[in-house]
Each structure stands twice: as C-alpha cells, then as structure tokens.
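J.: Coordinates for the following, if possible.
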Amino acid sequence: MSFSSRRNTLLAIAISALSGVVSAQTSWQAAGWPSKTVRLVVGFPAGSSPDLTARALAEPLSKALGKPVIVENKVGAGGNIGADHVAKATDNHTLGLMINGNLTTAKLLNPKLPYDPLKDLQPVSLIGVSPLVLMAPKNAPGADAAAFFAAAKLAGDSWSYGSPGVGTVGHIGMELLNAKTGMKPLHVPYPGYAQVALAMVGGQLQLSMLPPALAMAQVTGDKLRAIGVTSSGRSALAPQLPSMREAGVANFNLEIWNAVAAPKSLPAPIVAELSNLIGAIVRAPEMRQKLFQQGWQVVGSSPEGLANRIQADTQVFGRVIKSLEISNQ
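T.: All right, here's what the predicted structure looks like:
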C-alpha cells in the first residue's frame with residue numbers, strides 16, 4: 001500500500017468507526033507510522049477519571065490507527081510521574097492522558113520537577129472540560145448565594161475549606177474565589193475529592209469545590225448544599241445550578257480538564273494528524289455521551305487550542321501560586 005493510500009485508509013477507518021468527520025490538513029511525514037503499539041500513559045490508578053477517559057479513547061484510536069493502543073498506568077505525584085515518563089519517551093509511540101495540573105502548574109509548584117511542561121511536552125488535543133461545584137453544609141446560612149457569601153465573609157477564618165491537595169485546582173480555585181468575595185476560610189488538604197466530601201458531610205468543613213457528579217450525588221442524597229458551578233455560565237453537567245456570575249461573583253471561570261499530550265520529540269505532522277483523529281473520536285455522538293457520563297463536556301481541540309488553554313490557565317493559576325507562595329515540594 002502506498003504512503004498516500006495508507007493515510008487515506010486511516011482517515012476512512014476513523015470516519016466509518018466514529019460516524020464523524022475527520023478533516024486532514026497535514027500529511028504523515030513518517031512513512032509507516034505507527035509501526036508498533038502506541039502507549040497511552042496515565043499518571044493515575046485504574047478506575048480514576050483520567051484512566052477511564054484513556055480507556056474509552058484507546059479502542060477507537062486503535063481502530064483508526066490500525067495498531068494496538070494500550071493504556072499504561074504510571075502512578076504517583078498527582079500524575080507527574082506519568083507526565084515525566086511521557087516527556088522522556090523517545091520511541092515516537094508514547095502519548096499521555098493528563099490533567100490540567102500536569103501541563104500548567106506542576107513546574108510552578110515544584111521547580112525541582114524532573115520535566116518542564118512547556119519545554120518537554122507538546123499539546124495534542126484538549127479532550128474535555130468540567131466546572132467544579134461550590135459546596136456547603138446542608139444547613140449553611142443564607143437563603144441564596146449572595147446571602148451565603150455574606151455569611152462566609154463574616155465568618156472569616158472560623159470557617160475552613162477542603163481540597164484534594166496543595167496546588168490542586170480545588171485549592172487554587174478556592175483561593176481565587178476568596179480573593180473575589182473577601183472570604184478567608186482556612187485551607188485543609190485531603191488525599192482526594194471523595195475524602196473532602198466525607199469531611200463536609202461530617203461537619204469538619206464549611207466549603208469545598210467538588211466535581212459535578214460527586215457534588216450532585218451529595219445534593220440528591222440531601223447531605224450537602226450546592227451554591228453554584230465555578231464556570232462563567234451554566235453547565236450542562238449540572239444545568240439546575242447557577243453560575244458564579246449568577247451567584248454574584250463577576251468574571252470568575254474555573255474548570256478542570258484533561259488532554260492528550262506528547263513528547264516534544266514527536267514530529268509535528270504526526271501530532272497534527274493525531275489531533276484530527278482524536279478530535280473526531282471524542283466528538284462522535286457515542287463517545288461524547290460516554291465522556292459526558294464520566295463528567296466531561298467534550299472539546300476535542302487542535303494542538304493550538306490546547307496550547308492556548310495551557311497558557312491562559314498557567315497565567316491565572318501562576319498569579320495565585322506566586323502571591324500565596326504555594327509549594328508542594
């Protein structure tokens with residue numbers, strides 16, 4: 001099969017398998033790629049949100065490429081061990097499914113990090129985004145969001161908030177919100193979002209930002225109260241909740257996200273074509289629904305789109321990290 005025919009076959013497979021449209025604007029410049037199994041590295045354990053996304057992506061991507069795509073879990077350091085593994089890969093067949101922290105704040109929080117997100121990794125595609133939900137105890141004061149924020153401001157440091165760790169979006173996001181509202185609750189880090197939710201239900205915390213699925217489970221179970229989503233507008237993941245703007249907090253937009261990144265050494269034409277394929281995969285109706293059920297609103301961006309998001313979030317979070325001297329060394 002000629003090189004041109006192989007490229008057309010790859011695209012035809014993707015279109016047929018995904019019922020989507022793949023627009024190829026570049027050509028493969030590494031004849032025969034992929035020549036072996038493609039590894040999709042995840043820095044979190046099996047069953048975690050990034051792992052579930054990676055496994056959902058692996059099968060259709062394998063069909064499109066005509067080679068196996070296997071998920072490898074390289075766990076630890078908030079996903080940074082996996083990200084470092086990807087950054088140092090030289091086989092041209094290693095990709096990473098990463099969260100935003102691995103690509104934005106990791107080096108800012110720990111200058112000794114063995115990889116540099118900007119120098120050692122390159123964006124492939126932003127997969128999905130999700131706001132967090134600002135949560136409070138069921139009996140929290142204030143009949144509405146504005147009254148709640150007023151009570152929280154008066155409470156000062158007698159209130160505390162939980163996050164899944166120093167430097168996480170749940171931590172930095174709360175500090176951004178504190179600056180916007182004048183709240184001053186104390187930060188209490190926990191191992192993960194599930195432990196934060198348990199501490200809130202147990203009365204140890206007055207505030208937290210939780211992912212929509214976990215947050216709404218607490219609301220449905222009549223255990224906690226949702227104040228609003230952290231996005232500038234309402235989210236399809238929790239459409240019944242007001243946005244921060246509706247809750248009286250102007251110019252506030254905070255989201256968690258996941259993305260595919262590659263080593264800097266992977267040739268740009270391969271990255272561009274991969275981005276096209278991955279974008280088609282995640283935007284296909286069946287996959288879009290699957291990721292939505294996992295708690296993600298699908299994006300499927302270009303490398304440039306992901307690069308812009310990395311730059312914007314790094315600037316916003318970087319200001320908070322610098323002003324509060326946050327470190328996770």
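J.: now the spatially most central residue of the chain, nearest residue through space, not along the chain?
T.: Ranked by distance to the mean C-alpha position of the chain (Cα atoms, centre = their mean), the top residue is residue 257 at 2.0 Å. Closest residue to residue 257 apart from its sequence neighbours, by Cβ to Cβ, 6 or more residues apart in numbering: residue 129 at 4.4 Å. C-beta here means a position set from N, CA and C on the backbone, and glycine is covered the same way.
J.: is it true that that neighbour lies in a strand?
T.: Yes. Applying DSSP: H, G, I helix; E, B strand; the rest coil, one finds residue 129 inside a strand.
J.: I figured it was touching residue 297, is that so?
T.: Yes. Using Cβ atoms under 8 Å, residue 129 is in contact with residue 297, at 5.5 Å.
J.: all strands for this protein, in order.
T.: Applying DSSP state E to the chain gives strands spanning 38-42, 69-73, 94-99, 121-131, 133-137, 160-163, 186-189, 207-210, 224-229, 255-263, 297-298.
J.: can you list the domains in the protein?
T.: According to automatic domain parsing, the chain comprises the domains 3-129+257-324, 133-229.
J.: could those domains go into JSON lines alongside mean pLDDT?
T.: Listed next are the domains of the chain as JSON lines, based on pLDDT from 0 to 100:
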{"stretch": "domain 3-129+257-324", "mean pLDDT": "88"}
{"stretch": "domain 133-229", "mean pLDDT": "94"}
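J.: a markdown table for those domains, including distance to residue 247?
T.: Output for the domains of the chain, formatted as a markdown table (distance: least, Cβ to Cβ, whole Å):
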| stretch | distance to residue 247 |
| --- | --- |
| domain 3-129+257-324 | 19 |
| domain 133-229 | 4 |
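J.: Enumerate every residue touching the nearest residue to residue 128 once chain neighbours are set aside.
T.: Distances taken as Cβ to Cβ, 6+ apart put residue 296 closest to residue 128, at 2.9 Å, once the chain neighbours are dropped. Residue 296 makes contact with 53, 127, 128, 129, 130, 258, according to Cβ atoms under 8 Å, 6 or more residues apart in numbering.
J.: any idea how far residue 296 lies from residue 182?
T.: Note on residue 296: its distance to residue 182, by Cβ to Cβ, to the nearest Å, is 32 Å.
J.: Same check on residue 99?
T.: From residue 99 over to residue 182 (counting by Cβ to Cβ), the distance is 30 Å.
J.: Comparing the two, which residue is more hemmed in?
T.: Set side by side, residue 99 and residue 182 show more neighbours around residue 99, with 25 against 12, by other Cβ atoms under 10 Å.
J.: beta partners for that one?
T.: Note on residue 99: beta-bridge partners by DSSP bridges are residue 258.
J.: Touching, it and residue 53? I think so.
T.: No. At 9.8 Å, residue 99 and residue 53 do not qualify as touching, with contact defined as Cβ under 8 Å.
J.: between these two, what contacts are shared?
T.: Common neighbours of residue 99 and residue 53, using Cβ under 8 Å, 6+ apart, are residue 258.
J.: and residue 66, backbone torsions?
T.: phi 80, psi 20 (degrees, to the nearest 10).
J.: Check the burial of it by counting its neighbours.
T.: 11.
J.: Equivalent analysis for residue 252, please.
T.: Applying other Cβ under 10 Å, we find 20 residues neighbouring residue 252.
J.: Mind pulling up the pLDDT for the nearest residue to it once chain neighbours are set aside?
T.: Distances taken as Cβ to Cβ, 6+ apart place residue 244 nearest to residue 252, at 4.1 Å, with adjacent residues excluded. In this model, residue 244 is scored at 91, pLDDT.
J.: which residues does residue 244 contact?
T.: 134, 177, 228, 229, 230, 231, 232, 252, 253.
J.: same thing but at 10 Å, please
T.: Residue 244 makes contacts with 131, 134, 145, 177, 180-181, 227-233, 250-254, as judged by Cβ atoms under 10 Å, 6 or more residues apart in numbering.
J.: Equivalent analysis for residue 262, please.
T.: 86-87, 89, 92, 94-96, 121-124, 268, 270-271, 274-275, 303.
J.: give me that answer again for 6 Å
T.: By Cβ atoms under 6 Å, 6 or more residues apart in numbering, residue 262 lies in contact with 95, 122, 124, 271.
J.: Dig out what it forms beta bridges with.
T.: Beta-bridge partners for residue 262, by DSSP bridges, are residue 122.
J.: which helix is the longest one in the chain?
T.: In the chain, with assignment by DSSP state H, the single longest helix is helix 303-324.
J.: Enumerate the positions of it that are buried.
T.: 303, 305-307, 309-310, 313-314, 316-318, 320-321 (16 or more other Cβ atoms under 10 Å).
J.: could these go into TSV alongside distance to residue 291?
T.: Shown next, in TSV, are those (distance: Cβ to Cβ, whole Å):
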residue	distance to residue 291
303	20
305	17
306	16
307	21
309	17
310	20
313	20
314	24
316	25
317	24
318	28
320	28
321	29
